[in-house]
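# Build the 3D model from these lines:
(one chain, ligands or ions: 1)
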Amino acid sequence: MKFTSHFSRVNMIASGIVFLFFSIVNPNLNAQVKKKNAADTALFFDSHFHLTNYVQEGISIQKFLSIMGTTTGRSTLFGIPLQQQWSYSNTGDFAPTYYLASDAPLYYYSFTDAYIAMTYRSLSANDQKRFDPMITGFNPADMYAADHIKRVLLLFPGVFSGIGEFSIHKEFVSSKVAGEVASLTNPALDRILDFCAESGLLSILHNDIDMPFPKSGQYPYLIKQLVELFRRHKNTKIIWAHCGLGRIVHPVEDQISFLNKFLADSTLSHVCFDISWSEVAKYIVRTPETIKATATLINKYPDRFLFGTDEVAPPDAEKYQAVYRSYQPLFAQLSAEAKYKLLKGNYARLFDAARVSVRAWEKAHQNDSTVTVPVSTTSSGTGDQD
Ligand SMILES: [Zn+2]
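Presented below is the predicted three-dimensional model:
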């Protein structure tokens, strides 16, 4: 056969010529590769983006698409799970839009998941491919949280790639949330991360590495609890947001050596880090030494870091790209491989894998009921009461 002889000959020569051969034989493939390369001209993929703010207001997805332009190839898509209550007795006619603007509590706003799902579904199939929507509207201190996440997948199949950003310990926020305070040792969180392992949902977790303003020598109990949590969930893919840093929560003493140990630990190889947030960028590019130390770390572990903006409903491209611009001194010291993986490669690898797993879970469970029949227990009475 003519094709067979061509094929066996091509098999023996360099891959570039193989590509050329198939391009000629298959013009569609040529177009596909061209298209893929065109998509790759983007500067970055955004692993951490909030479409809406603490009062569930934000920009439209069409506006965000215009801000992304050709600069941002792909992006995660989530709101904020917490709603700042406008308490008239607390702030009167002043309507707070940020958690620091009022003493009134925050509460979990589960409708955000329906909002994000419907927003995603309003997009064309081509535009949808650029987004990875995330489930956030659950209370991580609630043993029922995993059931909420499951219900969202069953109600909106084909949409979500992961959960988060959700917070356990976050400066000034955790203590403001109404109800039981979240904890890394709560079995409710284990149920959530177990379900992520089962379904393939990627998990973006915000947990400060330390408490604000620790006294010198104060025991960093959060690190211990967090590492134990990660080790209990070896089969869950986790992105630790902001490398654990915050506005006030500064790098723990010798953060780089902590991260070095963490990254070398094979029991923690399922945990990646995002360097999102302008506050994190400030720490990293503060001095030539911090830039060099961070670049060395990322060059050594290029598969473990993701770029993200952590922008919340940005008004324009200028504001949206500020974090990317501020990282230029860091990017300049990365190897070509590490830079590509940080900005795009790791995003594509992790989120593409999550999409495949979650779609498979949804297919396998498509006939599951989203309404569970209440089971009578000693604590829930007969189960059919109003
Ligand atoms: Zn965030």
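# Count the neighbours of the residue lying closest to Thr136 once chain neighbours are set aside for me.
If you skip the residues right next to it in sequence, Thr136 has Pro81 as its closest partner in space, 4.0 Å away by CB to CB, 6 or more residues apart in numbering. C-beta coordinates here come from the backbone N, C-alpha and C atoms, glycine included. Counted by other CB atoms under 10 Å, the residues lying close to Pro81 total 25.
# Tell me the residues on the chain that lie near the ion, please.
Within the chain, the residues that sit near the ion (CB under 5 Å from the ion) are Glu165, Asp310.
# so which helix or strand takes in Asp352?
Taking DSSP states H and E as the criterion, Asp352 maps to helix 346-364.
# what's that helix packed up against?
Contact partners of helix 346-364 among helices and strands, from 3 or more CB pairs under 8 Å, 6 or more residues apart in numbering; DSSP states H and E: strand 72-77, strand 131-135, helix 145-155, strand 162-167, helix 187-199, strand 202-206, strand 305-306.
# quick one: secondary structure of Phe45?
strand (DSSP: H, G, I helix; E, B strand; the rest coil).
# related to what we said a few turns ago, I'd like the distance from the helix holding Asp352 to the chain centre, please.
For helix 346-364, the separation from the chain centroid amounts to 13 Å (computed by CA atoms, centre = their mean, to the nearest Å).
# Next, the buried residues of stretch 316-326.
Taking 16 or more other CB atoms under 10 Å as the neighbour-count basis, stretch 316-326 is seen to contain the buried residues Tyr320, Gln321, Val323, Tyr324.
# Let me have the residues you listed in JSON lines, adding pLDDT as columns.
Formatted as JSON lines, the entries for the buried residues of stretch 316-326 read as follows, by pLDDT from 0 to 100:
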{"residue": "Tyr320", "pLDDT": "98"}
{"residue": "Gln321", "pLDDT": "97"}
{"residue": "Val323", "pLDDT": "97"}
{"residue": "Tyr324", "pLDDT": "98"}
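# In helices, which of those fall?
Tyr320, Val323, Tyr324 (DSSP state H).
# Could you report the neighbour count for the closest residue to the first one other than its chain neighbours?
The reference is to Tyr320. Nearest-residue entry for Tyr320: Pro314, 4.0 Å, with adjacent residues in sequence omitted and distances by CB to CB, 6+ apart. Using other CB under 10 Å, Pro314 has 20 neighbouring residues.
# how close does the residue in the stretch 251-386 of the chain positioned nearest to the ion sit to Pro329?
Of the stretch 251-386 of the chain, the residue with the smallest distance to the ion, taken as CB to the ion, is Asp310 at 4.3 Å. Taking CB to CB, to the nearest Å as the measure, Asp310 falls 19 Å from Pro329.
# which one of those two has more residues nearby?
Set side by side, Asp310 and Pro329 show more neighbours around Asp310, with 22 against 16, by other CB under 10 Å.
# tally of neighbours for the closest residue to the ion within the stretch 51-200 of the chain?
In the stretch 51-200 of the chain, no residue comes nearer to the ion than Glu165, which is 4.6 Å away by CB to the ion. Applying other CB under 10 Å, we find 28 other residues in the vicinity of Glu165.
# list the contacts for the residue lying closest to it once chain neighbours are set aside?
The spatial neighbour of Glu165 that comes closest, neighbours along the chain excluded (CB to CB, 6+ apart), is Ile204 at 4.5 Å. When contacts are counted by CB atoms under 8 Å, 6 or more residues apart in numbering, Ile204 is found next to 47-48, 76, 134, 162-166, 238-239, 241, 274.
# For Ile204, give the beta-bridge partners.
Gly164, Ile239 (DSSP bridges).
# how much space between it and Ala125?
Using CB to CB, one gets 25 Å for the distance from Ile204 to Ala125.
# Could you list the low-confidence segments of the chain?
Across the chain, residues meeting the criterion (pLDDT under 70) sit at 1-39, 210-219, 246-253, 371-386.
# For it, which residue occupies the most central location?
Among the residues of the chain, Ile204 comes closest to the average C-alpha position under CA atoms, centre = their mean, at 4.1 Å.
# now that one: how far from Asp368?
According to CB to CB, Ile204 stands 25 Å off from Asp368.
# how about the helix holding Asp352: buried residues?
By 16+ other CB under 10 Å, the buried positions in helix 346-364 come out as Asn346, Tyr347, Leu350, Phe351, Ala354, Arg355, Ser357, Val358, Arg359, Trp361, Glu362.
# now do stretch 106-123
For stretch 106-123, burial by neighbour count (16+ other CB under 10 Å) applies to 106-110, 112-113, 115-117, 119-120, 123.
# Of those residues, which belong to helices?
Judged by DSSP H, these include Thr112, Asp113, Tyr115, Ile116, Ala117, Thr119, Tyr120 as members of helices.
# Widest-spaced pair of the residues you listed?
Maximum pairwise distance in those, criterion CB to CB, is 12.5 Å, between Thr112 and Tyr120.
# List the residues that contact the closest residue to Phe195 other than its chain neighbours.
Across the structure, with CB to CB, 6+ apart as the measure, the residue nearest Phe195 apart from its sequence neighbours is Ala146 (4.4 Å). In this structure, Ala146 makes contact with Ala188, Arg191, Ile192, Asp194, Phe195, judged by CB under 8 Å, 6+ apart.
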